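Q: Take a look and give me a structure for this.
(one chain, ligands or ions: 2)
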Amino acid sequence: MRIRFWGTRGSIATPGPSTVRYGGNTSCVELRSDAGTLVVLDCGTGARPLGLALVAEDGSPSGAILLGHTHWDHIQGLPFFEPLFRPGGRWELYGPRGLGPSMSSTLAGQMQYQYFPVSVEQLGADVSYHDLVEGTFEVGDLRVRTQYLNHPALTLGYRIEGDGAVVCYLSDHEPFDATLGDGGDVRSSGQDERHAAFMEGADVVIHDAQYQAAEYASRVGWGHSTVEYVVDAAVAAGVGRTVLYHHDPAHDDDTLDALVARARRRAAGRTEVAAAAEGDVLEVRGTAAPDEPAEASGLRPAAMALAVEDLTSTVVVAVGDPALRAQLLAAAAAEHLPAVDAADGPDLDGTGPTVVVVDVDEDDGALDGLRALLERVAGPTPAVLAVTRSLRDLSAPVPSITDWLVWPASAGHVRTKLRAAVLRRACRWLAAPRPADEDRRLDALRHLEVLDTAPEERFDRFTEAACRALGTPIAMITLVDAERQWFKSRRGVGFAESDRDQSVCAHAILGSDVLQIPDLLEDARFADNPAILATDARFYAGAPIVLDDGSHVGTLCVVDHRPRLLDDDQLAELRRLAAGVAAELQRDPRA
Ligand SMILES: [Zn+2]
Ligand SMILES: [Zn+2]
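A: Residues are numbered from 1 along each chain as shown. Ligands and ions are numbered 1, 2, ... in the order given. Model (predicted):
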């Protein structure tokens, strides 16, 4: 891989004689794989010279843009990025998903006519937008992982793997535990340890290092790191080369030289340290292990579809401190999340809250209260956002906590934490992607004229045979329609159809053989699926029903209330019965 820095500055462009060596443009890094995959990391003002260089090289270049977040210093070069105006180019634009407007409309906002003379509709290149959550996705021959950073806007860090090398881009992040601004053991705070783990073994880490420790005390909550924290985290993670980045506009070249010297003394050779300078090129030769396929990582896709209703459920605020409670309720309102005070005795028997916020410093009663509250929730387990004054004073590990908010925090930080908690909660189960031949598949299904017809013995005998042969209480002939799954035959199931996004069969039709899930609750794709939690299902096996034209219209599936595994004979029987269903579906019963 090769990296080139086009913008290294944070906050605002800072041109002039005192910044010529490290550069005045804001965040923008070009990364290319050996095979030529082009990735642009952030589009600050450095994106303008990068765009001009790309166009000079290839009239209508194509590539991917990965935005960490949409603060000005990371997007202001986007409307000046020449390749976007060149017909024939294709650009994939990735950025963190929010709860409100999509990233495309946020970006369109900065190109409204009050601010900019050209609108987003006038871009000449073919641009597609991808909203990301934590997970993994692929760009050309590169695998990208995402993880939330600690910043007053929802911000993603990127870990990019390819050519046997690993590069991390972690811009706009501050220690979760503010005392780590002085440096120290990142393992003392679980959140910071997770941050360090994200850069584990990286060959190169490009990291926000806007301050030194002495400057940080008055800037806690601004969302930026110190060189002390960055060096200590990089050393703990075994990082080969650490590149200080997102330079403070108040730091001139000489100040940055001093900062680098300070960081190198601290690193003492355990990680190589440099500060990013505009125009610098880094050739990255991998020392990392060979790439494993994305599926093997156990991570879910970062660009997955989320149902809107999962992003709108209630926040329960179980916090005594009136100032903190007011701030939390205001943040929830700003994110359009309905919020209730736990003291008001909310009704938790329905769908339940998405997020519970608890103040763990209050007293032991707060945690007992949390446990009691979680026990009362009927639906899927909510995300728990825990508030604390210091991540270091926690005496014992606290169960069920998804995320931490260190108080006091700015309104922006509180909103960001709520967003991340809702998104994490919403992302714990996975809707199946649509198959490549979806249109043709739906045509074939409609052509059968079987949807919404009455039960028929000629199909019921297959579900009966499946239950008998495989010893399960439940079997279904599931047909996967555009937005739902509908059962032509069902044994042991009380409903006739359900939502496709929550359907296990929608996953099963993607394969060519039986999909067997020994324990749904142990499988990240299904563990929190509301449809599964509502039915007590534990075991699933589904064989695709394949028509003569190759269309996978549905499955013959069996479900049990206990974890299991089918043996080879049982798998063969399920396949044989599914083939029988396919034949029956295509047979004219009048013939
Ligand atoms: Zn920034
Ligand atoms: Zn920012």
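Q: any idea how far the closest residue to A506 other than its chain neighbours lies from R145?
A: Leaving out its chain neighbours, the residue that sits closest to A506 by CB to CB, 6 or more residues apart in numbering is A432, at 3.8 Å. From N, CA and C alone the C-beta is placed, and that goes for glycine too. Distance, A432 to R145, using CB to CB, to the nearest Å: 21 Å.
Q: now T226
A: In terms of CB to CB, T226 sits 25 Å off from R145.
Q: Who has more neighbours out of the two?
A: A direct count of neighbours by other CB atoms under 10 Å for T226 and R145 places T226 higher, at 27 against 21.
Q: residues in contact with the more buried one?
A: Under the criterion of CB atoms under 8 Å, 6 or more residues apart in numbering, the neighbours of T226 are 175, 181-183, 209-213, 215-216.
Q: Give me the buried subset of these.
A: 175, 181-183, 209-212, 216 (16 or more other CB atoms under 10 Å).
Q: could the residues you listed go into TSV alongside pLDDT, distance to M111 and secondary structure?
A: Formatted as TSV, the buried ones among the contacts of T226 follow (pLDDT from 0 to 100; distance: CB to CB, whole Å; DSSP: H, G, I helix; E, B strand; the rest coil):
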residue	pLDDT	distance to M111	secondary structure
P175	94	35	coil
G181	95	37	helix
D182	95	42	helix
G183	96	41	coil
A209	98	31	coil
Q210	97	28	coil
Y211	97	32	strand
Q212	95	37	coil
Y216	95	35	helix
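Q: Switch those residues over to JSON lines; also include distance to D203.
A: Listed next are the buried ones among the contacts of T226 as JSON lines, based on distance: CB to CB, whole Å:
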{"residue": "P175", "distance to D203": "23"}
{"residue": "G181", "distance to D203": "26"}
{"residue": "D182", "distance to D203": "27"}
{"residue": "G183", "distance to D203": "23"}
{"residue": "A209", "distance to D203": "18"}
{"residue": "Q210", "distance to D203": "23"}
{"residue": "Y211", "distance to D203": "25"}
{"residue": "Q212", "distance to D203": "25"}
{"residue": "Y216", "distance to D203": "28"}
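Q: out of the residues you listed, who's near ligand 1?
A: With the criterion set as CB under 5 Å from the ion, no member of the buried ones among the contacts of T226 is near ligand 1.
Q: tell me which of those residues is nearest to A334?
A: A334 lies nearest to P175 out of the buried ones among the contacts of T226, by CB to CB, at 24.9 Å.
Q: coming back round to it: kindly indicate which of the contacts of T226 lies nearest ligand 1.
A: Nearest to ligand 1 out of the contacts of T226 is Q210 (CB to the ion; 8.4 Å).
Q: R9 is in contact with that closest one, correct?
A: No - using CB atoms under 8 Å as the test, Q210 is too far from R9 to be in contact (9.7 Å).
Q: anything in contact with each of the two?
A: 246-247.
Q: Tell me how many other residues crowd G59.
A: G59, neighbours per other CB under 10 Å, totals 12.
Q: Would you mind listing the residues in contact with the closest residue in space to it that isn't next to it in sequence?
A: The shortest distance from G59 to any non-neighbouring residue, by CB to CB, 6+ apart, is to R86 (6.5 Å). By CB under 8 Å, 6+ apart, the contact set of R86 is 55, 59-61, 124-125.
Q: I appreciate the help and will end here.
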